[in-house]
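Participant: Let's see this in three dimensions:
(chains A and B)
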There are 2 protein chains.
Amino acid sequence: MILSALLTSVGINLGLCFLFFTLYSILRKQPGNVTVYGPRLIQAGKSQRTNAFNLDMLLPTAGWVKRALEPTNEEILSNLGLDALVLTRVFVFSIRVFSFASVVGIFILLPVNYMGTEIQEFFDLPNKSLDSFSISNVNDGSNKLWIHFCAIYIFSGVVCYLLYCEHKYISSKRIAHLYSSKPQPQEFTVLVSGVPLVSGNSISETVESFFREYHSSTYLSHVVVHRTDKLKILMNDAEKLYKKLTRAKSGTISRQKSKRDGFLGMFGKQVDVVDHYEKKLEKLEDDMRLKQSLLSGEEIPAAFVSFRTRHGAAIASNIQQGMDPTQWLTETAPEPQDVHWPFFTASFVRRWISNVVVFVAFVALIILYIVPVLLVQSLANLHQLETWFPFLKSILNMKIVSQVITGYLPSLIFQGFLMIVPPVMLLLSSMQGFISHSQIEKSACIKLLVFTVWNSFFANVLSGSALYRVNVFLEPKNIPGVLAAAVPAQASFFISYVVTTGWTGLSSEIFRLVPLLWSFMAKLFFCKEDDKEFEVPSTPFCQEIPRILFFGLLGTTYFFLSPLILPFLLVYFCLGYVIYRNQLLNVYEAKYETGGKFWPIVHSSTIFSLVLMHIIAIGLFGLKKLPLASSLTIPLPILTLLFSIYCQRRFLPNFRSYPTECLVNKDKADEREENMSEFYSELVVAYRDPALSASQYSRDMSPEDPPLLRSYQS
Amino acid sequence: MILSALLTSVGINLGLCFLFFTLYSILRKQPGNVTVYGPRLIQAGKSQRTNAFNLDMLLPTAGWVKRALEPTNEEILSNLGLDALVLTRVFVFSIRVFSFASVVGIFILLPVNYMGTEIQEFFDLPNKSLDSFSISNVNDGSNKLWIHFCAIYIFSGVVCYLLYCEHKYISSKRIAHLYSSKPQPQEFTVLVSGVPLVSGNSISETVESFFREYHSSTYLSHVVVHRTDKLKILMNDAEKLYKKLTRAKSGTISRQKSKRDGFLGMFGKQVDVVDHYEKKLEKLEDDMRLKQSLLSGEEIPAAFVSFRTRHGAAIASNIQQGMDPTQWLTETAPEPQDVHWPFFTASFVRRWISNVVVFVAFVALIILYIVPVLLVQSLANLHQLETWFPFLKSILNMKIVSQVITGYLPSLIFQGFLMIVPPVMLLLSSMQGFISHSQIEKSACIKLLVFTVWNSFFANVLSGSALYRVNVFLEPKNIPGVLAAAVPAQASFFISYVVTTGWTGLSSEIFRLVPLLWSFMAKLFFCKEDDKEFEVPSTPFCQEIPRILFFGLLGTTYFFLSPLILPFLLVYFCLGYVIYRNQLLNVYEAKYETGGKFWPIVHSSTIFSLVLMHIIAIGLFGLKKLPLASSLTIPLPILTLLFSIYCQRRFLPNFRSYPTECLVNKDKADEREENMSEFYSELVVAYRDPALSASQYSRDMSPEDPPLLRSYQS
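Facilitator: Here you go, the predicted model:
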């Protein structure tokens, strides 16, 4: 790739980005699109849908950028939660790192690389290959490589320093968040699993007697978990019916006051719609009540146990309870709306085995992922299509069609496969036996990150069969050499990857094409009142964080190899900062709060990137015949890992649980509060399975969803 | 090596063992030797030294074997403690494993191996090479190897099952031990380090206010640690003087009532000995009092904090206390006599760095250990000696002398180097910042085990430079092949190793040659009353456990390679069981109780041995051209590791701390006790640094050591 080609690509993508931003700034002002671009605002009651026309509405403005940058960190923390703050801080951290890297890279390393082999003619700049700007342009054994050596040391030091500061900042915000928030049920509650079966006692009695005995001063109440999967299927049906009924009653489907009760509503005798639905609903409810009464006996040996104080709950969750470590397992309870009800298997062994199985499946998926992709791609070539669809032969033989198909079809298939990866990862994680959605999401985030690094970075760098790549990593001694030979060769690919995939990804994030089209279609084909049912989308931490971290990995590894990538990355992070702040403020809503538990993933990923860079540097200095520099780089990964271990010991405990000091202080502050008895009475019922407390739809016919149903939906 | 040579060696060693045992059974009955063979009994007051002669005393009897086997496990637990029980259980476990292995090995594998290549002539048995009994005798690709394959699977299953049972048994005994024991200070106490410095407050005040605030209901008292290293040097001097003085007063050194006070007691004016010592002691005491008053200001930010209940202490030690995870670090306190006072550095960072430094030193020692040994050995050859000591030339040229020197000197030097390894490991561990002797010993035990496996197993198997061995392990793919080629070749070496080093080690353990000689010399050269000062030796867990485990490793890896080793190992374990029970009952005394924490080391070592065997099997089936068996063995190490992880989750928590259930039950039982207030008042002073409470020797001149001094000595 030559420089002018890169600049053209940059120009086109920049143009596209601005086009998208302009369209966005116009479209977001249209009142009809508020459900797409501001669902969060509607729910918060900040945005009213008006239809008054205004000329201003058709002019693109940059006011949204200003508004997105306005809120301070404290405002973000209190309004959007800690997880949203972590997301913005990932961008801040990346901007800091790559600002420094860009300065060093562009003003020191780039000229050194460019002057590497001979004195270059400056006037021929546009036709220079990108390789002239990378380290491969420097002669073997040249002393100029010592500049790269120093840059690597300094860069690693700066990254570690910034990482430390950021870790400290987020850690302190986590404590501040606890102090400033109201009492939350999850702070007072512990999930107990592996309750032993005592003959003659129900699970509930066993739990009660155990905690009355061993936590007499702080025990408040408990809720035993029931097996409710069948009930939930009934509930879903009832919920759908209930919605239809509400709509029918409020006259939405007024055109169709009566319907036939036979197959697909086409046959049978005509019945009144409302009557028909009400009867159906009553029947379903009878079923549900029957199930509920049956299920109340079907207890699972797990319970949510609530305590009077946060410290009491922490004591129960931090200390092994029973004599058998596989019984009376305690862990901090998730938020009530975050509980993943489907998975409450009884036995320790089953949970453990499913973990092992998921791990094996995950490793197999990562390593073998590329096989089906290549297989499908090879099937989707021209000849294959011609054999399958002979009637397309004449069209396929046209030059332009064949070019489009051979050019885009494989990439389309690849993108399609990539699209299904996040749901698959979420599915795998949900099978692992996590008790909350947030844990599932965190685990999926890690899986997705590993997957991205392996299948986007290593698959491109170490081209060859999957088995070849696995083999490379089975011979640790050869890794630096192999990587050092392979990674610099892919520099121009990754530069255009940042410009195309990175920048376009951001534009499509803010433009929200799919929801926009969806809302347009809905307006076109359905009646307008439907948009009352719109849902605020959940913040997609688990998809976004791996993507951002992957760009960080690219920047870190190519920092000294090909510094030309750095300014493009910096643009990506700056744009991303504005866009994600905007989306967090307007679009997404966190369904649950993990308390900043995504940050440790960012930390580990950054350390991994650094060590990867060091390994490549060790190999590269070896290849460039500078063995002394190669040996002198060896302490760097060791020091980085030591720094990482130190950070983990210094900060990680605060991400796992809150210290006694905070808990007792907060408990004491609560004692002075007046409405704690109210809170306790709410606490007692907070962890009831929504399936068991589902109320009667047919009796309670107010147009709003009943509160219990709402808590179930969320 | 041929069979008859092996049998000769076995015969000689067996004879030596019986000789030692006979001598032991005679010598132990001599009243003069009771300090050597029964120090524990004397201290317990069970053995009286009588000088009455009896003919029976000169006849060897086997009564000691019977007496050693008499006590039940429960008696051992209550009299000798859990650690002693663990040591005997290691033998029981090994005997069970190798009984099974011997049956399979001798009756199935050995005949298969022997019949491997051709029909052998039985009458020429004594002249057969030991290789005829090993797997190398089986033809490549022979289907007989499937018998070995099955044996490996079955053996692994049996070992895992036995390991599980043993783990369960010891885990239950640990709880039983807690229930049956009296209240111990360490159960109620927590060591707090990293106490933050608050300006205007002393450390003591900070600790007091923190725990009064956050543990108001259970906090009892605290003792701040002081820096007392200089004081301890003075104390040691005083102690020595005090002993001399006591002896002088009681007339022991009556021959020498007066001495000169000059250089070496040869010059200067004659003074009365008692007067002289008393003056010196008084001066030292003044120094000490001065230091004590100075030191009471020199607080270290660490304290022993005692609580009213065990549960209270567990809460403080299990939950992070301060907001900064590097401050208010809590851990369970060791027993008062187990505290390692010298190491109380203030900072988290320093403790952490010293850990890293020790780790690096340990790795360097392990890998480079062989270098100085070889160097010294090469220096100690004949020519070198001749150059250094020309006057020895005529002696060295004698054939027998040169043979002895070339034959024994290198091995003597090697043994000498091996002797200094345990103290070096203990030294390394003590630098790591452990707070108790038992932790140091446990850590040294692990280090010694790793050292033994690397330098006794791998160094013999992979002959070649240390760097070559490290290189082998840097290419994981080649490990099975390299090991499979190298390990079987050393079978006969390890068989004779078991017979010589193993059996002889046991004889010398029971015979206690060094203490016997020492006691003999003492009687010869010093006056008899000296033996009042004899000390009961501490149980050498940290030296013995790695040795036993190493023999287990040999047995496991050679189980299918060369089953001839198994009966010799079984003899070793049976003898060891009797001998160590005898030693535990009569000789050693546990200075502190770790609560069975050596057992997890045994578990890990056994799992490692199994996996090593599996890896060798994978490589060997590959070499023997049976690739299917090789592939089918691959799941075995994975299953074994999964089993190990399961065991660790199932049992290990109980080895780390006691569960709430036990603690609360025990606390409640204590409440019903009457003498708890007495215990509390003892608890308050239990963790005072002995250096700060050392009393006046000169005033308190009773012949017995003052109790505080005694507690210091132990």
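Participant: near chain B, which residues of the stretch 551-700 of chain A show up?
Facilitator: Proximity of the stretch 551-700 of chain A to chain B (C-beta under 8 Å from any C-beta of the partner chain) is limited to residues A:642, A:646, A:649-654, A:657-662, A:664. C-beta: built from backbone N, CA, C; applies to glycine.
Participant: Weed out the non-buried ones from these.
Facilitator: Buried residues within these, counting neighbours by 16 or more other C-beta atoms under 10 Å in any protein chain shown: A:646, A:650-654, A:657-662, A:664.
Participant: would you list these in TSV and tack on pLDDT and secondary structure?
Facilitator: Converted to TSV, these look like this (pLDDT from 0 to 100; DSSP: H, G, I helix; E, B strand; the rest coil):
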residue	pLDDT	secondary structure
A:Y646	88	helix
A:R650	86	helix
A:F651	89	helix
A:L652	88	helix
A:P653	87	helix
A:N654	86	helix
A:S657	86	coil
A:Y658	88	coil
A:P659	89	coil
A:T660	89	helix
A:E661	88	helix
A:C662	89	helix
A:V664	89	helix
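Participant: Just put those residues in a markdown table and tack on distance to A:I565.
Facilitator: Below are those laid out as a markdown table (distance: C-beta to C-beta, whole Å):
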| residue | distance to A:I565 |
| --- | --- |
| A:Y646 | 30 |
| A:R650 | 32 |
| A:F651 | 30 |
| A:L652 | 31 |
| A:P653 | 36 |
| A:N654 | 35 |
| A:S657 | 40 |
| A:Y658 | 41 |
| A:P659 | 42 |
| A:T660 | 47 |
| A:E661 | 45 |
| A:C662 | 43 |
| A:V664 | 50 |
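Participant: Find the residue closest to A:H167 in space, skipping its chain neighbours.
Facilitator: Computed as C-beta to C-beta, 6 or more residues apart in numbering or on different chains, the closest residue to A:H167 that is not its neighbour in sequence is A:F651, at 4.8 Å.
Participant: That neighbour against A:C165, yeah?
Facilitator: No: counting by C-beta atoms under 8 Å, A:F651 sits too far from A:C165 to count as a contact (11.3 Å).
Participant: Please enumerate the strands of the stretch 601-714 of chain A.
Facilitator: With DSSP state E, counting those that start in this stretch, there are no strands along the stretch 601-714 of chain A.
Participant: Give the ranges of residues in it that sit below the confidence cut-off.
Facilitator: A:691-714 (pLDDT under 70).
Participant: One more pass at 90, please.
Facilitator: A:624-626, A:646, A:648-664, A:666-714 (pLDDT under 90).
Participant: what about the helices in it?
Facilitator: Remark: helices assigned in the stretch 601-714 of chain A by DSSP state H, counting those that start in this stretch are A:627-633, A:635-656, A:660-672, A:676-686, A:707-713.
Participant: so the fourth one versus helix A:660-672, what angle?
Facilitator: Spelled out, it's helix A:676-686. If you take axes from the mean of the first three to the mean of the last three C-alpha atoms, to 10 degrees, helix A:676-686 sits at 110 degrees to helix A:660-672.
Participant: Tell me which other helices or strands helix A:676-686 touches.
Facilitator: In terms of contacts (3 or more C-beta pairs under 8 Å, 6 or more residues apart in numbering or on different chains; DSSP states H and E), helix A:676-686 is packed against helix A:185-188, strand A:219-226, strand A:299-307.
Participant: ok, now with 6 Å
Facilitator: Packing partners of helix A:676-686 (3 or more C-beta pairs under 6 Å, 6 or more residues apart in numbering or on different chains; DSSP states H and E): helix A:185-188.
Participant: so the very next helix or strand once past the helix it packs on versus strand A:299-307, what angle?
Facilitator: Of the helices and strands lying after helix A:185-188 in sequence (DSSP states H and E), the nearest is strand A:189-193. Between the axes of strand A:189-193 and strand A:299-307, defined by the same axes, to 10 degrees, the angle is 150 degrees.
Participant: For strand A:189-193, list every residue counted as buried.
Facilitator: Quick answer for strand A:189-193 (16+ other C-beta under 10 Å): A:T189, A:V190, A:L191, A:V192, A:S193.
Participant: tell me, which of those make contact with chain B?
Facilitator: For chain B, no contacts are drawn from the buried residues of strand A:189-193 by C-beta under 6 Å from any C-beta of the partner chain.
Participant: Perfect, I'm done here.
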